[in-house]
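Enquirer: coords please:
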Amino acid sequence: MRPNKEKINNSPFARWTVLIIVATAMMMGYFVNDVMSPLETLLELPKEQGGLGWTPSDYGFFSGAGSFINVFLLMLFFSGLILDKMGIRFTGTLACSLMALGTLIKYYAVTAEFGNEPIAFLDYQLPASAVWASLGFAIFGVGYEMTGISVSKAMVRWFTGHELALAMGIQLAMARLGTAAALSISAPIARHYTLSMPLLISLAFLIIGLLAFLVFCIMDRKLDASRASISSSSSISSSSSCANRATEEGEEFRLSDIGITLRNPGFWLITLFCVLFYSAVSPFLKFSTKLMVMKYGVDPDIAGFFSSIAPFGTILMTPLFGLIYDRYGKGVTLVITGALMLTAVHFGFSLPMHSSTIAIALMVTLSIGYSLAPAALWPCVPKIIPLKCLGTAYSMIFFIQNFGRAVIPMCVGRANETDPTYTTSMLIFGFTALGAAVTAIAMLVIDKKKNYGLQLPNIKK
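Expert: This next block holds a predicted model:
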């Protein structure tokens, strides 16, 4: 006889409330991640004009610093182990706290007075402000990526068997809203107040995100309680009850379970796609504001709005494409289409055309591709990886992905110094996106061989 009680996530109100709460925390992180992207031209001004005297290489180093600790100290990999061992609530709270700490250090970097003596690091000669800002961004990056994998696992935990792709699409849309807001308002705020004001606002937003995640922790405990209640009221034997509960929770994670992920060819193709696709998007957005000013003659006060077309466009389209995947499937087809659109955009930016109308058209196309691929990609991961390994799988994907996000900005920064027409840097982005498209086609082939079900709808009927 089945118990009358139900898991709390079977309630649409409960699971959609959880979505809004955790997506709010993620949105605040995305805002802060890109809050300094529109400030490149201001950062490169001399100190007497209100800037910090950075060079394009300094800015490129800073832009890649968000991945330094995650990649070179393996922190993102360990973040996944912490998530699978300690749970979503502990890991997410730690992540939000680290984002706030890193932003506080960036605020110090922009406001403190340093000497003029540069600091040598690798083959860079960096001003002290860039060193401190890079340190803060690196610490923020640990929390930022840790929050991402925590929220992703929370979505799978609460929405499996329901509207998973739609939920992930809405979460991504809210995250893009944070990016779009940062690209749109950061430069005007800095110009009309001080260079540090956007970072002060960022710190306040991250505190709001932390409080939101603490509310999620309360609701997630209720989900555990509802599952325990169902198990205790079941009439089946104690051993069977434990087995059922282990299945619901994804079973206990062991270090040896990492092999399940590493032996999965679908995992490696998704990982490679993420490295290439996001290396062609996230670093591009960090350079796109100056691109609009230098190549297309856009006024610096509104150039950020041109850059924000891409994330703003994803706000509506990502949930829409997620809903399509939930109901009709064809996930890999959506991924391939998005990657091809991104490829066309970057090659378009490399052409010797300087019309702002063309720039807008390319950004609109980028927004569609930027919506298509992630809306279908992330719901594919739980189809090939067991829940107990999901945190580690997401962290390994993000870990390897961060290599591209660390290296590409530094390459682009150097390319922009030698080729201020942006042709070289746009070709770098274009061929990176093309590699993502080829990888997505390989995903379609392996899905047919392994029967992962990546082309099947997510909603169970």
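Enquirer: From here on, just use CA atoms for contacts and neighbour counts.
Expert: OK.
Enquirer: Number of residues surrounding residue 448?
Expert: 12 (other C-alpha atoms under 10 Å).
Enquirer: Over to residue 442?
Expert: Around residue 442 there are 17 residues (other C-alpha under 10 Å).
Enquirer: Ramachandran angles for it?
Expert: When read as degrees, to the nearest 10, the backbone of residue 442 gives phi -60, psi -30.
Enquirer: wait, isn't it in contact with residue 268?
Expert: No - applying C-alpha atoms under 8 Å as the test, residue 442 and residue 268 come out as separate, 10.8 Å apart.
Enquirer: Report the contact partners of the nearest residue to residue 118 once chain neighbours are set aside.
Expert: The shortest distance from residue 118 to any non-neighbouring residue, by C-alpha to C-alpha, 6 or more residues apart in numbering, is to residue 127 (4.6 Å). Counting by C-alpha atoms under 8 Å, 6 or more residues apart in numbering, residue 127 touches 54, 116, 117, 118, 119.
Enquirer: repeat that for 10 Å
Expert: Residues near residue 127 by C-alpha atoms under 10 Å, 6 or more residues apart in numbering: 52, 53, 54, 55, 58, 114, 115, 116, 117, 118, 119, 120.
Enquirer: helix, strand or coil for the fifth one?
Expert: With DSSP: H, G, I helix; E, B strand; the rest coil as the basis, residue 58 sits in helix.
Enquirer: Likewise for the first one?
Expert: Classification of residue 52 using three-state DSSP returns coil.
Enquirer: Likewise for the last one?
Expert: Under three-state DSSP, the three-state class of residue 120 is strand.
Enquirer: For it, which residues count as its bridge partners?
Expert: When assigned by DSSP bridges, residue 120 has beta-bridge partners residue 125.
Enquirer: Give me the neighbour count for it.
Expert: By other C-alpha under 10 Å, neighbour count at residue 120 equals 12.
Enquirer: Check the third one too.
Expert: The tally of other residues near residue 54 (other C-alpha under 10 Å) stands at 21.
Enquirer: which ones are touching it?
Expert: Residue 54 sits next to 40-47, 60, 126-127, 129-130 when contact means C-alpha under 10 Å, 6+ apart.
Enquirer: Give me the distance between it and residue 119.
Expert: 13 Å (C-alpha to C-alpha, to the nearest Å).
Enquirer: same thing with the first one?
Expert: Applying C-alpha to C-alpha, the value for residue 52 to residue 119 is 15 Å.
Enquirer: what helix or strand is the closest residue in space to residue 82 that isn't next to it in sequence on?
Expert: Distance criterion C-alpha to C-alpha, 6+ apart; nearest residue to residue 82, sequence neighbours excluded, is residue 91 at 6.7 Å. Take DSSP states H and E as the rule and residue 91 turns out to sit in helix 88-111.
Enquirer: tell me what that helix is packed against?
Expert: The contact analysis (3 or more C-alpha pairs under 10 Å, 6 or more residues apart in numbering; DSSP states H and E) places helix 88-111 against helix 12-33, helix 75-86, helix 128-159, helix 197-233.
Enquirer: taking the ones you listed together, which one is wrapped up most tightly?
Expert: By mean neighbour count, with neighbours taken as mean count of other C-alpha atoms under 10 Å, helix 128-159 ranks first of the helices and strands packed on helix 88-111 at a mean of 25.
Enquirer: Contacts only, for the most centrally placed residue in the chain.
Expert: By C-alpha atoms, centre = their mean, the chain has its centre lying nearest to residue 148, at 6.3 Å. Residue 148 sits next to 22, 23, 25, 26, 29, 30, 92, 95, 154, 394, 395, 398 when contact means C-alpha under 10 Å, 6+ apart.
Enquirer: got it, and residue 377?
Expert: Residue 377 neighbours (C-alpha under 10 Å, 6+ apart): 165, 168, 270, 273-274, 322, 325, 331-332, 334-336, 440, 454.
Enquirer: Could you do residue 300 as well?
Expert: 38, 39, 41, 42, 187, 188, 191, 289, 290, 292, 293, 294.
Enquirer: The fourth one contacts residue 48, doesn't it?
Expert: Right, the one you point to is residue 42. No - using C-alpha atoms under 10 Å, residue 42 is not in contact with residue 48, being 11.6 Å away.
Enquirer: which of the two has more neighbours?
Expert: Neighbour tally, residue 42 and residue 48, criterion other C-alpha under 10 Å: the higher count belongs to residue 42, 21 against 8.
Enquirer: With adjacent residues omitted, what lies nearest to that one?
Expert: residue 51 (5.3 Å).
Enquirer: hmm, which of the contacts of residue 300 are the buried ones?
Expert: Taking 16 or more other C-alpha atoms under 10 Å as the criterion, what is buried in the contacts of residue 300 is 38, 39, 41, 42, 187, 188, 289, 290, 292, 293, 294.
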